[in-house]
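> Quick one, fold the following:
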Amino acid sequence: MAAASETLRSALTEPELIEVEVAYALPERQTLLRIEVPQGTTAEQAVQRSGLLARHPELDLGGSKLGIFAKVVPPQRELREGDRVEIYRPLIADPKAVRQKRAEEGKKLKKGGG
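The predicted structure follows:
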């Protein structure tokens, strides 16, 4: 009987663990870690617990956006079982400006100005 009550007490005091992944990609390599965290853990906390910040000292969590399965989420978003937290690096070039430049270059070529 004592063992059953100890198990019940443990279940009531210890948060349930969920399994999540934390991903960070560089142009030359990617890191994907599977970790267990207590239910209620946020995306930011999962990154901190994963050890990625120690593996990648260049990583600035404050200046990086986080996402779950390619959708940007706030750092305080609570995770669910199976979520994959992705750390996004800042963009080097503005995609809108790059598209506009390409379109202008295309117009020049069509007019024979290239």
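> what about the strands in this structure?
17-25, 30-38, 65-68, 71-73, 84-88 (DSSP state E).
> Out of the ones you listed, indicate the one that is most buried.
strand 84-88 (a mean of 21; mean count of other Cβ atoms under 10 Å). Placement of C-beta: from N, CA and C, glycine included.
> Counting by contacts, list what that strand packs against.
Strand 84-88 sits against strand 17-25, helix 43-50, strand 65-68, with contacts defined as 3 or more Cβ pairs under 8 Å, 6 or more residues apart in numbering; DSSP states H and E.
> Work out the sheet partners of the first one and label each with its direction, please.
Put plainly, it is strand 17-25. When pairing is defined by DSSP bridges, strand 17-25 lines up against strand 30-38 (antiparallel), strand 84-88 (parallel).
> one step back: any chance of the helices and strands packed on strand 84-88 in TSV, plus distance to His56 and mean pLDDT?
Output for the helices and strands packed on strand 84-88, formatted as TSV (distance: least, Cβ to Cβ, whole Å; pLDDT from 0 to 100):
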stretch	distance to His56	mean pLDDT
strand 17-25	6	96
helix 43-50	10	97
strand 65-68	14	96
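> okay, those in CSV with distance to Leu33 next?
Shown next, in CSV, are the helices and strands packed on strand 84-88 (distance: least, Cβ to Cβ, whole Å):
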stretch, distance to Leu33
strand 17-25, 5
helix 43-50, 5
strand 65-68, 14
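> My read is that Gly40 contacts Ile18, right?
No: Gly40 sits out of contact with Ile18 when judged by Cβ atoms under 8 Å, with a separation of 9.1 Å.
> what residue ranges in this protein score low on pLDDT?
Scanning the chain with the threshold set as pLDDT under 70 gives 1-12, 91-95, 98, 107-114.
> residues in contact with the spatially most central residue of the chain?
Nearest residue to the geometric centre of the chain (Cα atoms, centre = their mean): Glu86, 1.9 Å. The contact partners of Glu86, by Cβ atoms under 8 Å, 6 or more residues apart in numbering, come to Ala23, Tyr24, Leu66, Gly67, Ile68, Phe69, Ala70.
> would you turn the strands of the chain into JSON lines with distance to Arg102?
Supplementary listing: the strands of the chain in JSON lines, determined by distance: least, Cβ to Cβ, whole Å:
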{"stretch": "strand 17-25", "distance to Arg102": "25"}
{"stretch": "strand 30-38", "distance to Arg102": "28"}
{"stretch": "strand 65-68", "distance to Arg102": "25"}
{"stretch": "strand 71-73", "distance to Arg102": "25"}
{"stretch": "strand 84-88", "distance to Arg102": "23"}
